[in-house]
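> here is my input, please return the structure:
(chains A and B)
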There are 2 protein chains.
Amino acid sequence: MCPMELLKRRIQQDGIVKGNDVLKVDSFLNHQMDVALFEEIGREFQRRFADCGVNKILTIEASGIGIACVTAQSFHCPVVFAKKSQTKNIAGEVYATKVESFTHGRVYDVMVAKKFLGPEDTVLVIDDFLANGAALEGLIDLVEQSGARLAGAGIVIEKAFQPGGGRIRAKGVRVESLARVSAMSEEHGVEFAD
Amino acid sequence: MCPMELLKRRIQQDGIVKGNDVLKVDSFLNHQMDVALFEEIGREFQRRFADCGVNKILTIEASGIGIACVTAQSFHCPVVFAKKSQTKNIAGEVYATKVESFTHGRVYDVMVAKKFLGPEDTVLVIDDFLANGAALEGLIDLVEQSGARLAGAGIVIEKAFQPGGGRIRAKGVRVESLARVSAMSEEHGVEFAD
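Numbering: from 1, shown residues only, chains lettered A, B, ... in the order given. Here you go, the predicted structure:
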């Protein structure tokens, strides 16, 4: 079975839909983590972004880190994770941006040390979810501030019925989502686009 | 070169000592992450805890997650990461404990969903640092609450001049630290025990 089908079946089997927009995948993706599945996911990202010259993977804490690290094994490159902070005291040694978390109802300062991202880098952004797109836009902002080249974004699950993916693709960013959820409900479960 | 020597050389080469108790290893361990080094670390933990029947790895967000995931590949088991939260609203579906962060000067509620840890599990706790031991004691508390068996703890860098490691070993917990720092200073850098 191809990695995307494996992932989609897993989402349908183990994902729990709450209301019309919460999809809990904490049994394999973002609380308990199935690293064998992550290996499949990482190889698929590598296949899609092969020949893009990726030499660094950027993600955001916390749940992106595991997928990013296992993906980085396929690219033979390091990972940098952006740190969330609520402090106002940001030194001049970091790129910083603000990310609004709809889940947690607050705004985070998100930062990466300047010494780990620069014009010599070609960056693949990795995250577990894409919904409203706030986290991904924050990561893209950090890449732009650094002068690095953005190869694109690799997302495990995109809620395609929410606006983030469309808005970010419209800016010309290549976004590759392995599972695009087109609709979901407690009654009918998860449906996928394409 | 054996993995421990590789790690120690890397700490001496790229670690930055500030004052007498801050060791910055953010260029390879906990901000930028060298996953090739993590693979060596993971194999070494597997070698040390082989035949312990480990079927689950437990860590804490955020910087433990990458090492835990790569280590889990050697054990062919899933990872569960404990979540930090400042909310008081803890449902009955989680094991919860409190962890004091000396770095950030505050107390976190730390939690794991009950469905991911239970008496059927044999748990290896993984973390990047051991210093005062607060985070590790919190993780051990979660394992004890769950009724799981604790195989031990695998730590990348232990500040052996701080009290955590001694106190936790005195309780009978097996703690395997790959690099034990016995002393450090801006003038003389890092010295290792044994």
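
> please count neighbours and contacts with C-alpha atoms only from this point.
Will do.

> quick one: the strands in chain A, in order.
Residue ranges of the strands in chain A, as given by DSSP state E, are A:16-18, A:22-24, A:32-33, A:56-60, A:79-85, A:94-101, A:106-113, A:122-130, A:149-159, A:175-185, A:189-192.

> with distance to residue B:25, mean pLDDT and mean neighbour count as added columns, please give the ones you listed in CSV.
Below are the strands of chain A laid out as CSV (distance: least, Cα to Cα, whole Å; pLDDT from 0 to 100; neighbours: other Cα atoms under 10 Å in any protein chain shown):
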stretch, distance to residue B:25, mean pLDDT, mean neighbour count
strand A:16-18, 38, 95, 18
strand A:22-24, 34, 94, 17
strand A:32-33, 25, 98, 24
strand A:56-60, 18, 98, 26
strand A:79-85, 13, 94, 24
strand A:94-101, 16, 93, 18
strand A:106-113, 13, 93, 19
strand A:122-130, 22, 98, 25
strand A:149-159, 26, 98, 24
strand A:175-185, 32, 97, 20
strand A:189-192, 42, 96, 17
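
> report the separation between the residue lying closest to residue A:71 once chain neighbours are set aside and residue B:25.
Spatial nearest neighbour of residue A:71, excluding adjacent residues (Cα to Cα, 6 or more residues apart in numbering or on different chains): residue A:42 at 3.8 Å. Remark: distance between residue A:42 and residue B:25 (Cα to Cα, to the nearest Å) = 26 Å.

> picking that back up, quick one: residues contacting the residue nearest to residue A:71.
Going by Cα atoms under 8 Å, 6 or more residues apart in numbering or on different chains, residue A:42 touches A:67, A:68, A:70, A:71, A:72, A:73, A:74.

> count of neighbours near the third one?
Which is residue A:70. The tally of other residues near residue A:70 (other Cα atoms under 10 Å in any protein chain shown) stands at 26.

> is it in contact with residue A:39, as I believe?
Yes. With contact defined as Cα atoms under 8 Å, residue A:70 counts as touching residue A:39 (6.1 Å).

> re the thing from before, figure out which of the strands of chain A is closest to residue B:54.
With Cα to Cα as the criterion, residue B:54 lies closest to strand A:32-33 of the strands of chain A, at 15.2 Å.

> OK, contacts around the most centrally placed residue in chain A?
Ranked by distance to the mean C-alpha position of chain A (Cα atoms, centre = their mean), the top residue is residue A:127 at 1.4 Å. Counting by Cα under 8 Å, 6+ apart, residue A:127 makes contact with A:59, A:60, A:63, A:64, A:67, A:68, A:136, A:153, A:154, A:155, A:156.

> can you list those in a markdown table and add distance to residue B:169?
Listed next are the contacts of residue A:127 as a markdown table, based on distance: Cα to Cα, whole Å:
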| residue | distance to residue B:169 |
| --- | --- |
| A:59 | 35 |
| A:60 | 34 |
| A:63 | 30 |
| A:64 | 32 |
| A:67 | 32 |
| A:68 | 33 |
| A:136 | 42 |
| A:153 | 44 |
| A:154 | 42 |
| A:155 | 41 |
| A:156 | 40 |
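
> what about residue A:49, neighbour count?
Neighbours of residue A:49 (other Cα under 10 Å): 19.

> list the residues that contact it.
residue A:151 are the contacts of residue A:49 under Cα under 8 Å, 6+ apart.

> which parts of chain A sit against chain B?
Counting by Cα under 8 Å from any Cα of the partner chain, chain A comes close to chain B at A:27, A:31-36, A:61-62, A:65-66, A:69-70, A:72-73, A:76-83, A:116.

> what do you get if the cut-off is 7 Å, keeping everything else the same?
A:31-35, A:61-62, A:65-66, A:69-70, A:72-73, A:78-81, A:116 (Cα under 7 Å from any Cα of the partner chain).

> out of those residues, which sit inside helices?
A:35, A:65, A:66, A:69, A:70, A:72, A:73 (DSSP state H).

> which pLDDT value belongs to the last one?
It refers to residue A:73. Residue A:73 carries a pLDDT value of 98.

> pull the contacting residues for it.
In this structure, residue A:73 makes contact with residue B:35, judged by Cα atoms under 7 Å, 6 or more residues apart in numbering or on different chains.

> how about the fifth one?
In this structure, residue A:70 makes contact with A:38, A:39, A:42, B:70, judged by Cα under 7 Å, 6+ apart.

> picking up where we left off before, closest to residue A:110 out of the contacts of residue A:42?
Taking Cα to Cα as the measure, residue A:110 sits nearest to residue A:68 out of these, at 17.2 Å.

> mind listing what the nearest residue to that closest one once chain neighbours are set aside touches?
Nearest residue to residue A:68 in three dimensions, chain neighbours excluded: residue A:126, at 5.9 Å (Cα to Cα, 6+ apart). Contacts for residue A:126 (Cα under 7 Å, 6+ apart) come out as A:57, A:58, A:59, A:64, A:68, A:153, A:154, A:155.

> can you check residue A:96 too?
Residue A:96 makes contacts with A:109, A:110, A:111, A:112, A:142, as judged by Cα under 7 Å, 6+ apart.

> now with 6 Å?
A:110, A:111 (Cα atoms under 6 Å, 6 or more residues apart in numbering or on different chains).

> ok, the one 4 residues further on next?
Taking Cα under 6 Å, 6+ apart, we find residue A:100 in contact with A:106, A:107.

> distance of it relative to chain B?
Using Cα to the nearest Cα, to the nearest Å, residue A:100 is found at 17 Å from chain B.

> hey, what's that residue bridged with?
residue A:107 (DSSP bridges).

> nearest residue to residue A:191 in space, please, no chain neighbours.
Here the residue nearest residue A:191, using Cα to Cα, 6+ apart, is residue A:183, at 5.3 Å.

> I'd assumed residue A:162 was in contact with the one you found.
No. Residue A:183 is beyond contact range of residue A:162, at 9.7 Å (criterion: Cα atoms under 6 Å).

> so residue A:24 sits against residue A:16, correct?
Yes. Applying Cα under 6 Å as the test, residue A:24 and residue A:16 come out as touching, 4.9 Å apart.

> reformat the contacts of residue A:42 as CSV; add distance to residue A:192.
Shown next, in CSV, are those (distance: Cα to Cα, whole Å):
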residue, distance to residue A:192
A:67, 21
A:68, 23
A:70, 25
A:71, 23
A:72, 27
A:73, 28
A:74, 27
